[in-house]
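Novice: Sequence and computational prediction follow.
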Amino acid sequence: MKLKNRLVTVGTMIALTSFVNAADPAEVLFDAKCAACHSKTRPADMSNVVAPALMGVMRHIKMTYPNKEVAVKFMVDYILEPTKEKAICMPKKIERFGLMPSQKGNVTEAELKTITSWMFDNFPPEGFRGMGHGNRQGKGQGRGQGK
Ligand code: HEC
């Protein structure tokens, strides 16, 4: 029931963003198909988190696959057919959240190429050093000390 509420919220958000401004279509897709599980921001309340946040996912993806083309290819394949052997995320995450359910049927391969390429270009945000560290997510940038 909780998830249903969250999906409704996500749906409303998408409706709003597509009205108010022409958001990046890739982000709209992410919001519709992935954001119910993967938060785009650091979750304030970890107790109802069901999957690693997007910034953490992308940090690990890039550590393993720094090349964008290779990373996108890996992600498209993984998202349609996740297995423990393929997973680059820490084993601890799989223990905690379980393996990601295949998104086959929920998202097409073409949509996934758009989404994962956007993910690669925008995450993790600059200055992010891992979930265990204090993060500044842009807020601390350009602190304007001195002048
Ligand atoms: C039902 C919840 C759920 C949805 C929906 C979901 N994911 Fe995931 N995802 C997970 C969980 C849980 C993990 C961590 C375990 C794992 O890696 O399999 C994960 C892991 C990942 C990873 C890391 C894979 C690895 O190598 O470990 C990527 C990349 C990813 N998700 C992308 C996406 C994208 C893109 C979408 C939308 C098309 C999406 N996910 C939708 C739950 C979800």
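Specialist: Good, I have the coordinates. Numbering: from 1, shown residues only.
Novice: got the contact list for residue 30?
Specialist: Taking C-beta atoms under 8 Å, 6 or more residues apart in numbering, we find residue 30 in contact with 38, 40, 54, 115, 118-119. Heads up, the C-betas are built off the backbone N, CA and C, glycines and all.
Novice: three-state assignment of it?
Specialist: helix (DSSP: H, G, I helix; E, B strand; the rest coil).
Novice: ok so, going back, now, the contacts of residue 30 that are in helices?
Specialist: The members of the contacts of residue 30 that map onto helices under DSSP state H are 54, 115, 118-119.
Novice: Please identify, among the residues you listed, the one with the most neighbours.
Specialist: residue 115 (26 neighbours; other C-beta atoms under 10 Å).
Novice: Write out the residues of this structure neighbouring the ligand.
Specialist: 33-34, 36-38, 50-52, 57, 61, 75, 78-79, 82, 87-89, 93-94, 97-101, 103, 107, 115-116 (C-beta under 6 Å from any ligand atom).
Novice: Buried among those residues? Need that as a selection in PyMOL.
Specialist: Those of these that count as buried under 16 or more other C-beta atoms under 10 Å are selected in PyMOL with:
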select buried, resi 33+34+36+37+38+51+52+57+61+75+78+79+82+88+89+93+100+103+107+115+116
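Novice: those strands in this protein, which residues are they?
Specialist: Remark: strands of the chain are absent; assignment by DSSP state E.
Novice: Just give me the residue right at the centre of it.
Specialist: Compute the mean C-alpha point of the chain, and by C-alpha atoms, centre = their mean the closest residue is residue 54, 2.8 Å away.
Novice: so what's it scoring on pLDDT?
Specialist: As predicted, residue 54 sits at a pLDDT of 96.
Novice: With residue 91 instead?
Specialist: So, for residue 91, pLDDT stands at 85.
Novice: For it, give me its contacts.
Specialist: Per C-beta under 8 Å, 6+ apart, neighbours of residue 91: none.
Novice: lowest-pLDDT helix or strand in this protein?
Specialist: Lowest by mean pLDDT, DSSP states H and E among the helices and strands of the chain is helix 2-20, with a mean of 64.
Novice: All set, thanks.
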